[in-house]
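**Q** Compute the structure for the input listed below.
(chains A and B)
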There are 2 protein chains.
Amino acid sequence: MIQTPYLLFLGDAPDPLAAKVAQGIRDWRPGNAVAQFRMEGCKADLRLPDMTLTEARAAGAKTLVVGVANRGGVISPAWKKVLVAALEEGFDLASGLHNLLRDEPDLAAVAAACGRHLHDVRVPPVAYPIANGLRRSGRRCLAVGTDCSVGKMYTALAMDREMQARGMKATFRPTGQTGILITGDGVPLDAVVADFMAGAVEWLTPDNDPDHWDLIEGQGSLFHPSYSGVTLALIHGGQPDALILSHEPTRAHMRGLPHFALPKLEALRDLSLAMARMVNPAAQVVGISINTAAMGEDEALAHLESVERRMGLPTVDPFRQGAGRLVDALAAL
Amino acid sequence: MIQTPYLLFLGDAPDPLAAKVAQGIRDWRPGNAVAQFRMEGCKADLRLPDMTLTEARAAGAKTLVVGVANRGGVISPAWKKVLVAALEEGFDLASGLHNLLRDEPDLAAVAAACGRHLHDVRVPPVAYPIANGLRRSGRRCLAVGTDCSVGKMYTALAMDREMQARGMKATFRPTGQTGILITGDGVPLDAVVADFMAGAVEWLTPDNDPDHWDLIEGQGSLFHPSYSGVTLALIHGGQPDALILSHEPTRAHMRGLPHFALPKLEALRDLSLAMARMVNPAAQVVGISINTAAMGEDEALAHLESVERRMGLPTVDPFRQGAGRLVDALAAL
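**A** This is a model prediction of the structure:
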């Protein structure tokens, strides 16, 4: 568990997109974001207060989060200086970078000397159990996609926000690096050893109040041959009561696989439901989340309406319209 | 790649079952089994020559394989003495034990000093790629099960033996510890990190002659919630042309899960085929392999006949009847 709140390190981000992890924290957990730390030449700005390390500590920040992608997979000497100073100032460090903080001898040595923690969220921090398939109390919702990167995390976070606003009991359960940094906790499922994938998801979504919803971050797609096994482990470990179908309608082929077409929503519905019902016979598909970012407003609304008519399920773009109707569908279950 | 042939170390096996890894090597790759090494009190006997380390080296053995399960997860001091002597005698060591050879400081030190290799086949030796989903030349067969441990490895090995006898081009492709020790090569799929599972299977079954068959060792079951993700990665990475359905008809529930019933063969057929056709539209179910070990001969034959009639597919117990009819079905594809 990563100590919150955070100081968000944007480094020398070459453009706003490079800081999208920090942006995610800022957007979804503003209470976790005390301030930003920018170096000379930084082209990203989260419109948070710019603070020095000392100011941010005084304002209550406990962990410096590397909220920016680094260039060429190397932690630059310029970054190092700040990261070392942060450890000495009393911050823990957290990062989702491919190259690990713990593999940098100077950071590891200073952290040990100062009694601080280095959180590399790409590395599973727990020895997860083998899944036991037992039903757990409480309810669970999972977004499944026609492809990778179609908006499953965004959908779960938007539903979580709406449910918190309504006073419903809900917890967003991250299964990827960005989600884990946003909330400070979760399972980096793509880095878990095969035999323990489903068990990790069970561990992430334990017994809870009967009216509590876990909103589990989806990963991959049952139809994406590179990652389908991860998705099936999410379904079988998560035992969802409710499934949301996620789709990006302008995509020409599966992500990274020019020779694979995306499946139809009908195929996604039928296969996901069959898989979910193996472990939870009451599972239902309750709604559809479409990422219409590549469409104009009129085209998007017409598309959403036509999918809704065709599929007979509440269909929204949570970015354009909010997740209210998806939450209505959960509440009605 | 583990150097063959082997000296099979049976240690102080408390009963023949404890030596089942060695038995598998003896049964399926007798050419890899030069001799056995038994300690005082050993209750297993593979009916191979008993040799000292020196005799086995002289007879050509290159690797000492720990072919026995250890008690309590500890490598005993009595074993250690033999393993150290084997390294000094010029053997590599190979083991599928949960506790790793490389984690024993004395074994690691002696191996380094002698320039010998320690093969822990539970640890993936390769950085596998992400699957790319591209079709490969050559043909592939995969056994899929209604449950774990229903005879998928046995089926593939029996088909391999039959195909070698017929002069067909075939390679058994191990995906588990026992299979890897039998052949000296393979992928320990249950220990591969989630994102790389399907890629590891692609790596294991590369381009080959158009008339060559990879016989891929199956794992888990699409219906077993603890391991289903591993099975799906095998199907999507393996792109099988031919599927064999595997089943154990007397089992009361899914292995380790008293609250889960086994699926029907029809459900296994339909789901496996749908999954395989996502990556290989020509995939077909060609036969059924039933493990009738718990039945008498008459009951077994009657059961096989009734399944064959019901499913309309060649149905055999390869242990009782050989795998000839399954190989016929492959050859007819």
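**Q** next SSE after whichever helix or strand A:Phe172 is part of?
**A** If you go by DSSP states H and E, A:Phe172 is part of strand A:169-173. Next in sequence after strand A:169-173, counting helices and strands by DSSP H and E, comes helix A:177-183.
**Q** Show me the contact partners of whatever helix or strand comes next after that next one.
**A** From helix A:177-183 onward toward the C-terminus, using DSSP H and E, the following helix or strand is helix A:197-204. Helix A:197-204 has contacts (CB atoms under 8 Å, 6 or more residues apart in numbering or on different chains) with A:124, A:126, A:128-132, A:136, A:173, A:175, A:186-187, A:189, A:192, A:214, A:216, A:229-230, A:233-234, A:236-238, B:194, B:225-230. For glycine as for every other residue, the C-beta is placed from the backbone atoms N, C-alpha and C.
**Q** Same check on stretch A:325-333?
**A** A:139, A:141, A:155, A:158-159, A:162-163, A:166, A:168, A:213, A:241-242, A:244, A:284, A:286-287, A:289, A:313-314, A:316, A:318.
**Q** do that again at 10 Å, thanks
**A** By CB atoms under 10 Å, 6 or more residues apart in numbering or on different chains, the list of residues contacting stretch A:325-333 from outside reads A:139, A:141, A:143, A:155-156, A:158-163, A:165-166, A:168, A:170, A:211, A:213, A:215, A:241-242, A:244, A:282, A:284-289, A:308, A:313-316, A:318, A:323.
**Q** Just the contacts of helix A:197-204: which are in helices?
**A** Secondary structure defined by DSSP state H assigns A:229-230, A:233-234, A:236-238, B:228-230 of these to helices.
**Q** residues contacting A:Ile182?
**A** A:6, A:21, A:24-29, A:32-33, A:65, A:153, A:157, A:172, A:174, A:176, A:217.
**Q** A:Asp103 against A:Asp120, yeah?
**A** Yes. Judged on CB atoms under 10 Å, A:Asp103 makes contact with A:Asp120 at a distance of 8.4 Å.
**Q** So between the two, which is more surrounded?
**A** More crowded of A:Asp103 and A:Asp120, by other CB atoms under 10 Å in any protein chain shown: A:Asp120, with 21 against 11.
**Q** How much space separates the more buried one from chain B?
**A** As judged by CB to the nearest CB, to the nearest Å, A:Asp120 and chain B stand 14 Å apart.
**Q** Give me the buried positions along stretch A:210-218.
**A** By neighbour count with 16 or more other CB atoms under 10 Å in any protein chain shown, stretch A:210-218 contains the buried residues A:213-218.
**Q** Over it, what's the mean pLDDT, rounded is fine.
**A** Per-region confidence: stretch A:210-218 scores 98 on mean pLDDT.
**Q** do the same with stretch A:33-52
**A** On average, stretch A:33-52 scores 97.
**Q** still on that earlier bit, contacts for the strand holding A:Phe172 next, please.
**A** Taking CB under 10 Å, 6+ apart as the rule, strand A:169-173 contacts A:28-29, A:138-142, A:153, A:156-164, A:179, A:182-183, A:185-187, A:201, A:204-205, A:208-217, A:238, A:327, A:330.
**Q** Which among these count as buried?
**A** By neighbour count, with 16+ other CB under 10 Å, those hold A:28-29, A:138-142, A:153, A:156-163, A:179, A:182-183, A:185-187, A:201, A:204-205, A:208, A:213-217, A:238, A:327, A:330 as buried.
**Q** and stretch A:137-155, anywhere near chain B?
**A** No. On the criterion CB under 10 Å from any CB of the partner chain, stretch A:137-155 is out of touch with chain B, staying 11.1 Å away.
**Q** now stretch A:276-284
**A** Yes. Using CB under 10 Å from any CB, stretch A:276-284 reaches chain B at A:278-279.
**Q** What separates the first and last residues of that stretch, distance-wise?
**A** Stretch A:276-284 has its terminal residues 8 Å apart, counting by CA to CA, to the nearest Å.
**Q** Tell me which residue lies nearest the centroid of chain A.
**A** A:Gly179 (2.9 Å; CA atoms, centre = their mean).
**Q** residues in contact with the closest residue in space to that one that isn't next to it in sequence?
**A** Closest residue in space to A:Gly179, ignoring its immediate chain neighbours: A:Glu217 at 4.8 Å, by CB to CB, 6 or more residues apart in numbering or on different chains. Contact analysis of A:Glu217 by CB under 10 Å, 6+ apart lists A:142-143, A:152-157, A:172-176, A:178-180, A:182-183, A:186-187, A:189, A:204, A:234.
**Q** Same question for A:Val121.
**A** A:2, A:21, A:65-66, A:94-97, A:100, A:174, A:176-181, A:184-188, A:191.
**Q** Just the buried subset of these, please.
**A** Neighbour-count burial (16+ other CB under 10 Å) applied to the contacts of A:Val121 gives A:2, A:21, A:65-66, A:94-97, A:100, A:174, A:176-181, A:184-188, A:191.
**Q** Among the contacts of stretch A:325-333, which lie within strands?
**A** A:139, A:141, A:143, A:170, A:213, A:215, A:242, A:244, A:284-289, A:315-316 (DSSP state E).
**Q** out of those residues, which is most surrounded?
**A** The most crowded member of these, judged by other CB under 10 Å, is A:Ile244 (31 neighbours).
**Q** ok, the closest residue to it other than its chain neighbours to chain B distance?
**A** Spatially, and ignoring its direct neighbours in sequence, A:Ile244 is nearest to A:Ala143 (4.3 Å; CB to CB, 6+ apart). A:Ala143 sits 17 Å away from chain B, taking CB to the nearest CB as the criterion.
**Q** Could you check how far the closest residue to A:Phe91 other than its chain neighbours is from A:Val34?
**A** The shortest distance from A:Phe91 to any non-neighbouring residue, by CB to CB, 6+ apart, is to A:Leu64 (4.4 Å). Distance, A:Leu64 to A:Val34, using CB to CB, to the nearest Å: 10 Å.
**Q** Mind listing the shared neighbours of these two?
**A** In contact with both A:Leu64 and A:Val34: A:6-8, A:56-57, using CB under 10 Å, 6+ apart.
**Q** All the strands of the stretch 1-150 of chain A, residue numbers only.
**A** For the stretch 1-150 of chain A, the strands defined by DSSP state E, counting those that start in this stretch occupy A:6-11, A:33-38, A:63-66, A:92-95, A:118-120, A:139-145.
**Q** Any chance of a markdown table for these, columns distance to B:Cys42?
**A** Shown next, in a markdown table, are those (distance: least, CB to CB, whole Å):
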| stretch | distance to B:Cys42 |
| --- | --- |
| strand A:6-11 | 60 |
| strand A:33-38 | 64 |
| strand A:63-66 | 56 |
| strand A:92-95 | 52 |
| strand A:118-120 | 46 |
| strand A:139-145 | 51 |
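**Q** closest to B:Ala111 out of these?
**A** The closest of the strands of the stretch 1-150 of chain A to B:Ala111 is strand A:118-120. By CB to CB, the value is 30.3 Å.
**Q** Sheet-wise, list the partners of that closest one with their directions.
**A** Applying DSSP bridges, strand A:118-120 is found paired with strand A:92-95 (parallel).
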